[in-house]
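# return a 3D structure for these sequence lines:
(2 chains)
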Number of protein chains: 2
Amino acid sequence: MTLETISTNKSHEGVQGVYSHASTSTHTNMTFSVFIPPHKEGEKLPVIWYLSGLTCTHANVTDKGEFRKACAELGFIFVAPDTSPRGPDLEGNSVPDDPNAAYDFGLGAGFYVNATKAPFDKHYKMRDYIEKELPEIISANFPADMSRQSIMGHSMGGHGALTIALRNPDRFKSVSAFAPIVSPLNCPWGEKALSGYIGDDKSSWREYDTCALIADGARTPSIRVDQGEADAFLTEQLKPSMLEAACKQAGVSLTLNMHEGYDHSYYFISTFMADHLNWHAKYL
Amino acid sequence: MTLETISTNKSHEGVQGVYSHASTSTHTNMTFSVFIPPHKEGEKLPVIWYLSGLTCTHANVTDKGEFRKACAELGFIFVAPDTSPRGPDLEGNSVPDDPNAAYDFGLGAGFYVNATKAPFDKHYKMRDYIEKELPEIISANFPADMSRQSIMGHSMGGHGALTIALRNPDRFKSVSAFAPIVSPLNCPWGEKALSGYIGDDKSSWREYDTCALIADGARTPSIRVDQGEADAFLTEQLKPSMLEAACKQAGVSLTLNMHEGYDHSYYFISTFMADHLNWHAKYL
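All right, here's what the predicted structure looks like:
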């Protein structure tokens, strides 16, 4: 596996890099960003995974996330993958600049699943990419202590972070999310994506549904969610009360912080990013 | 004067807004951003002006500048104007998406001058816009204490901040810059821009040249400059040693901080943004 360095820039005394590689999971080139904080020669550092939301690439949080100062202070590696495979010849709504392309399916909307339905089953393997392939790349190429990992995400990426943490309880010390989709079984974004990638048998959706995973017995050590009350997607798509109910029913500890006036944007995420990183630091 | 609100988003307990208006200086619509920190009803707040560099709009620093946390803590209004007039029918290299357009002249490259050379003299009046028109708009529409203003900028915007501060010593308590152009008379960017906007008589360039203004007797209370040593434009375009020499010759106090490994990007700016805002706070 050859990693191509797209760019490196010194920032907050560390290095913000962007890298690309040929992925064995998606059979496309994949791009991701990694921030390496200042550290001692030979030191191994905890890893924070950040999964982005619909329409995003690695670049959104890298530009707007305001995570580097806190990561430099806490000594965290910060990894931001892309949200789907990309390429001009991909199936589905994946043609760049196609005005008929959907923002919530295909390109930029991989939903962190392994697609089983044609034609998406060829490339849309974001679950394998995040759970298996990219960790090996991070471990092999960066000063990462893989025994200390936590995961976070926004919206569709909050869904990704929560479901991946619940399916891999030994890998992640803690999981947090900004405005996550908590139940694809119960919102239009989820219905569209999972029926398109997985098919109509909803029993096979449950491993990609945070609330269903918890009801079915999956556990993760610690969950934190922050949600803006002025988020336009709150009532129809995100429904944090469903997560609250699932956690209460199952006896799972959840810290849910509602924030008056905040919306779904990076203006919200950047406000609470340092709080999330400091919260993860308690577990790492 | 009617101000159109493009967007407002709650961030860091304040409000990040983007606004547009018909400008009497440029005879175009102009867009700018303003961050209003949390404050008491009726309270008037100091104003930080941030002038951006070549190719930028208000959006670059608004997205990537990482200024909101410090402004919220310090109680600063943060104003980010555009870098030139814009519009499909503007003269010069001002046609959006024109592959022959220059990145360093015309659109996105107003250089904070009043152009006197046709055809640019019709619209390229960024000096009047920043010195006269926009302050009136800020004063009339936001809770600004106009007796407490400071100014900062990056690259071409550092040139703008320094020259505007030197020409208006009573208006600004302090001026700072990231990687500024310090002498358009002595660099290719400046030669191109000022000959294009002002003409070939270099004596008329001196009011737009930080080093020449200082040599000619202009003063401003306090100057801080931060410069990355890995900046690709350092030796040919920026030349901070010329500013050092001009300040030393004139007995002007200058804080010049050189930073090993940092380049010309927002990865550099965002690293030292809070330091600059805290430095301005000493004077405001």
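
# give me phi/psi at whichever residue of the stretch 101-250 of chain A sits closest to chain B?
Chain B sits closest to A:A230 of the stretch 101-250 of chain A, with a gap of 7.0 Å, by CB to the nearest CB. Where you see a C-beta, it was placed from the backbone N, CA and C, and this is true even at glycine. Dihedral angles of A:A230 (phi, psi; degrees, to the nearest 10) stand at phi -100, psi 20.

# the stretch 151-284 of chain A: strands as residue ranges?
A:172-178, A:223-228, A:254-259 (DSSP state E, counting those that start in this stretch).

# packing partners for the longest one?
Based on contacts counted as 3 or more CB pairs under 8 Å, 6 or more residues apart in numbering or on different chains; DSSP states H and E, the elements that strand A:172-178 packs against are strand A:144-154, helix A:156-167, strand A:223-228, helix A:266-281.

# just checking: what are the partner strands of it?
Strand A:172-178 sits in its sheet next to strand A:144-154 (parallel), strand A:223-228 (parallel), going by DSSP bridges.

# could I get the ones you listed as TSV with mean pLDDT and distance to B:F272?
Formatted as TSV, the strands paired with strand A:172-178 follow (pLDDT from 0 to 100; distance: least, CB to CB, whole Å):
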stretch	mean pLDDT	distance to B:F272
strand A:144-154	98	26
strand A:223-228	98	28
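
# for the strands of the stretch 151-284 of chain A, give me a markdown table that also has mean neighbour count and distance to A:T57.
Below are those laid out as a markdown table (neighbours: other CB atoms under 10 Å in any protein chain shown; distance: least, CB to CB, whole Å):
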| stretch | mean neighbour count | distance to A:T57 |
| --- | --- | --- |
| strand A:172-178 | 26 | 17 |
| strand A:223-228 | 24 | 22 |
| strand A:254-259 | 14 | 26 |
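
# tell me which of those lies nearest to A:V15.
strand A:172-178 (24.2 Å; CB to CB).

# could you pull up the mean pLDDT of the closest one?
Across strand A:172-178, pLDDT averages out at 98.

# what's the answer for stretch A:81-89, then?
pLDDT averaged over stretch A:81-89 gives 87.

# all helices for chain A, in order.
In chain A, the helices defined using DSSP state H lie at A:58-64, A:68-74, A:126-128, A:134-141, A:156-167, A:188-197, A:210-215, A:240-250, A:266-281.

# tell me the most buried of those helices?
helix A:156-167 (a mean of 28; mean count of other CB atoms under 10 Å in any protein chain shown).

# hey, what's the angle from that helix to strand A:144-154? Just curious.
Between helix A:156-167 and strand A:144-154, the angle formed by their directions is 130 degrees, by axes from the mean of the first three to the mean of the last three CA atoms, to 10 degrees.

# could you check the angle helix A:156-167 makes with helix A:188-197?
Angle, helix A:156-167 to helix A:188-197, by the same axes, to 10 degrees: 70 degrees.

# for helix A:156-167, which helices and strands make contact with it?
Under the contact rule (3+ CB pairs under 8 Å, 6+ apart), helix A:156-167 is packed against strand A:45-51, strand A:144-154, strand A:172-178, helix A:210-215, strand A:223-228.

# near chain B, which residues of the stretch 101-250 of chain A show up?
Within the stretch 101-250 of chain A, the positions near chain B by CB under 8 Å from any CB of the partner chain are A:228, A:230.

# give me the low-pLDDT residue ranges for the stretch 101-250 of chain A?
In the predicted model of the stretch 101-250 of chain A, no residue satisfies pLDDT under 70.

# ok, A:K202 - contacts?
A:185, A:194 (CB atoms under 8 Å, 6 or more residues apart in numbering or on different chains).

# surely A:A80 and A:Y19 touch.
No: under the criterion of CB atoms under 8 Å, A:A80 makes no contact with A:Y19, lying 10.8 Å away.

# so between those two, which is more surrounded?
A:A80 (28 against 20; other CB atoms under 10 Å in any protein chain shown).
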